[in-house]
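Visitor: dropping the sequence and predicted coords here.
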Amino acid sequence: MPSKRRSSTPIIYHGNLEVDSKLREGDGNEFMELARQRCGELPYRDRRISIKATYSDSEAVFVIRDDGEGFDSRQIPDPTNPENLLRSTGRGLLLMRSFMDELRFNDIGNEVTMIKRRKGKKVRQGRTDSSARLTPRSTSLQDSGG
């Protein structure tokens, strides 16, 4: 099972710091070095991540946005394709689609809306639970390897 740190930081690495997953292949040192470097450089160091969670008796909605340039989710290789099975990256969207009932990206790809519905419940207007702003400096960029 991936570590919590590793599963919670892709938006920082790929979104705000714009570090390509392909650099993780091999020993991953190039990936981590570029991430560390960009944490101290403009415009990367001033970018933020916003997380908004709303919930009701029938569903939970999570909206996560970064200040990066975004991406086209349709261009991400299918991790279930035999040529991608042994790659160490590329499964995040697959997991999000597997666990959520609905997954939407904005036009530029720097905001994702994830919706999880309770089965058999009628949809009611939700209420805001929390909102947070995260920076690359608030998350350790050391990979625990697990």
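Guide: Sure thing, it's come through. Residues are numbered from 1 along each chain as shown.
Visitor: and the nearest residue to Leu17 once chain neighbours are set aside, which helix or strand is it part of?
Guide: Distances taken as CB to CB, 6 or more residues apart in numbering place Arg38 nearest to Leu17, at 4.5 Å, with adjacent residues excluded. (Each C-beta comes from the backbone N, C-alpha and C, glycine too.) Assigned by DSSP states H and E, Arg38 belongs to helix 29-39.
Visitor: neighbouring strands - and their directions - for the helix or strand following that helix?
Guide: Downstream of helix 29-39, the next assigned helix or strand under DSSP H and E is strand 49-55. For strand 49-55, the paired strands and their directions (DSSP bridges) read strand 59-66 (antiparallel), strand 127-134 (antiparallel).
Visitor: and those, which one is worst for confidence?
Guide: Comparing mean pLDDT over the strands paired with strand 49-55, the weakest stretch is strand 127-134, at a mean of 45.
Visitor: low pLDDT regions in the chain?
Guide: Counting by pLDDT under 70, the chain has low-confidence residues at 1-8, 120-146.
Visitor: spatially nearest residue to Ile11 (excluding sequence neighbours)?
Guide: Counting by CB to CB, 6+ apart, the residue nearest Ile11 is Asp66, at 5.2 Å.
Visitor: does the one you found really touch Arg47, like I thought?
Guide: Yes: applying CB atoms under 8 Å as the test, Asp66 and Arg47 come out as touching, 6.7 Å apart.
Visitor: which residues do these two both contact?
Guide: Taking CB atoms under 8 Å, 6 or more residues apart in numbering as the contact rule, Asp66 and Arg47 both touch 15-16.
Visitor: neighbour count winner among those two?
Guide: More neighbours surround Asp66 than the other of Asp66 and Arg47, with 23 against 19 (other CB atoms under 10 Å).
Visitor: ok, the more buried one - contacts?
Guide: By CB under 8 Å, 6+ apart, the contact list for Asp66 reads 11-12, 15-16, 47-49, 110-111.
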